[in-house]
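In: what would the 3D arrangement of this be:
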Amino acid sequence: MALEPDDLLAIGEVSHRTGVPVSALHFYEQLGLIASTRTAGNQRRYRRHMLRRISLIVVAKRLGIPLSDVQEVFTSLPLDHSPSLRDWRRVAKLWHTELELRRTQLDHLQRELTGCIGCGCVSLKACRLLNPEDALGEDGPGPRRI
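Out: All right, here's what the predicted structure looks like:
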């Protein structure tokens, strides 16, 4: 028997296949990231194509992408049937821009940290050169240059 994208899977099987706890699946469903149907006995069943959506959520979390960003991107994907190749390409394009921005920010952070750690001025003398009179502190709390 061939497996189809719309085959229904029990929540335990989805949890096992994705490594995502049942409680997280419930949460993702509340957020509208995934969807299930109910059996006559009120048990959740997920279409097989939900495995891909859940896997993307897991990867996004690993990359530090907030669920709200995932939610925004997923709004353009159908819940009731398997997304088309065109749908996935559109999502990939949206995330490509976000990931490029993150890559640029991480590269900048790495350069800043290397300069800060590498200067060896434990007394922060060099920081006085880059931020005299703590001028950046006037802009509020938190890092300003990174």
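In: remind me which residues of the chain are low pLDDT?
Out: 1-6, 114-133, 136, 142-146 (pLDDT under 70).
In: mind running it again at 80?
Out: Along the chain, the parts satisfying pLDDT under 80 run over 1-6, 98, 111-146.
In: all helices for it, in order.
Out: With DSSP state H as the criterion, the chain has helices at 11-18, 22-30, 50-62, 67-74, 85-118, 125-130.
In: now those helices as JSON lines including mean neighbour count and distance to Thr39?
Out: All C-beta atoms are positioned from the backbone trio N, CA, C, and that covers glycine. Listed next are the helices of the chain as JSON lines, based on neighbours: other Cβ atoms under 10 Å; distance: least, Cβ to Cβ, whole Å:
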{"stretch": "helix 11-18", "mean neighbour count": "16", "distance to Thr39": "11"}
{"stretch": "helix 22-30", "mean neighbour count": "15", "distance to Thr39": "15"}
{"stretch": "helix 50-62", "mean neighbour count": "17", "distance to Thr39": "16"}
{"stretch": "helix 67-74", "mean neighbour count": "15", "distance to Thr39": "25"}
{"stretch": "helix 85-118", "mean neighbour count": "12", "distance to Thr39": "28"}
{"stretch": "helix 125-130", "mean neighbour count": "12", "distance to Thr39": "63"}
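In: can I get those in CSV with distance to Asn42?
Out: Shown next, in CSV, are the helices of the chain (distance: least, Cβ to Cβ, whole Å):
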stretch, distance to Asn42
helix 11-18, 12
helix 22-30, 14
helix 50-62, 18
helix 67-74, 25
helix 85-118, 30
helix 125-130, 61
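In: which among those helices is found nearest to Ala40?
Out: Closest of the helices of the chain to Ala40 is helix 11-18, at 15.8 Å (criterion: Cβ to Cβ).
In: ok, residues contacting that closest one?
Out: By Cβ atoms under 8 Å, 6 or more residues apart in numbering, the residues outside helix 11-18 that reach it are 9, 20-22, 25, 36, 43-46, 50-51, 54-55, 58.
In: do the same with stretch 54-72
Out: Residues outside stretch 54-72 that contact it (Cβ under 8 Å, 6+ apart): 14, 18-20, 25, 28, 31-34, 95, 98-99, 102.
In: ok, now how distant is Leu106 from Gly19?
Out: Here the distance between Leu106 and Gly19 works out to 26 Å (Cβ to Cβ, to the nearest Å).
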